[in-house]
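below are the sequence and a predicted model; questions follow.
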Amino acid sequence: MTISVFEVDPTSEEDLQDASHLLMQYFDNWVLLRDMNRYNKKHVPGQVLYSDILRITEIIEKTRQRNHRIFIAEENGVHVGIGGISNSGELTHLYISPEHTLGGKALRNT
């Protein structure tokens, strides 16, 4: 198993689209966690929130403007994770696909 990491090119629409898809997976898994919290009544179960979509858009736009850096991890050509760092050096998001964590157990199967 060899995992490589590359920085998203802020001028590449293909890289930015790949980053958007990974961020959507990230927020989709947050939805699962919100659904597991029986006290959270702020959304319809299984629904990505509008604020989640706005956050993805904000991350991509900041990357285009070079105010944010995105890194994608891949294994055998398959994207398995994403991370972001602000220009101030703050880790803004980190996501690894569930299939590549917890000994291979996906969140949906637990």
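Happy to help now that I have it.

need phi/psi at residue 88.
Residue 88 has phi and psi values of phi -80, psi 0 when expressed as degrees, to the nearest 10.

for this structure, name the helix or strand with the lowest mean pLDDT.
helix 13-36 (a mean of 81; mean pLDDT, DSSP states H and E).

distance of residue 29 relative to residue 61?
For residue 29, the distance to residue 61 (C-beta to C-beta, to the nearest Å) stands at 22 Å. No exception for glycine: its C-beta is placed from N, CA and C like everyone else's.

between the two, point out the one with more neighbours.
Shown here are residue 29 and residue 61; by other C-beta atoms under 10 Å, residue 29 has more neighbours (17 against 12).

isn't that one right next to residue 95, touching?
Yes - in this structure residue 29 lies within contact range of residue 95 using C-beta atoms under 8 Å: 7.5 Å.

mind listing what the residue nearest the centre of the chain touches?
In the chain, the C-alpha nearest the mean C-alpha coordinate belongs to residue 23, at 2.9 Å (C-alpha atoms, centre = their mean). Under the criterion of C-beta atoms under 8 Å, 6 or more residues apart in numbering, the neighbours of residue 23 are 56, 59-60, 82, 93, 95.

strands - which of those land there?
Of the contacts of residue 23, the ones assigned to strands by DSSP state E are 82, 93, 95.
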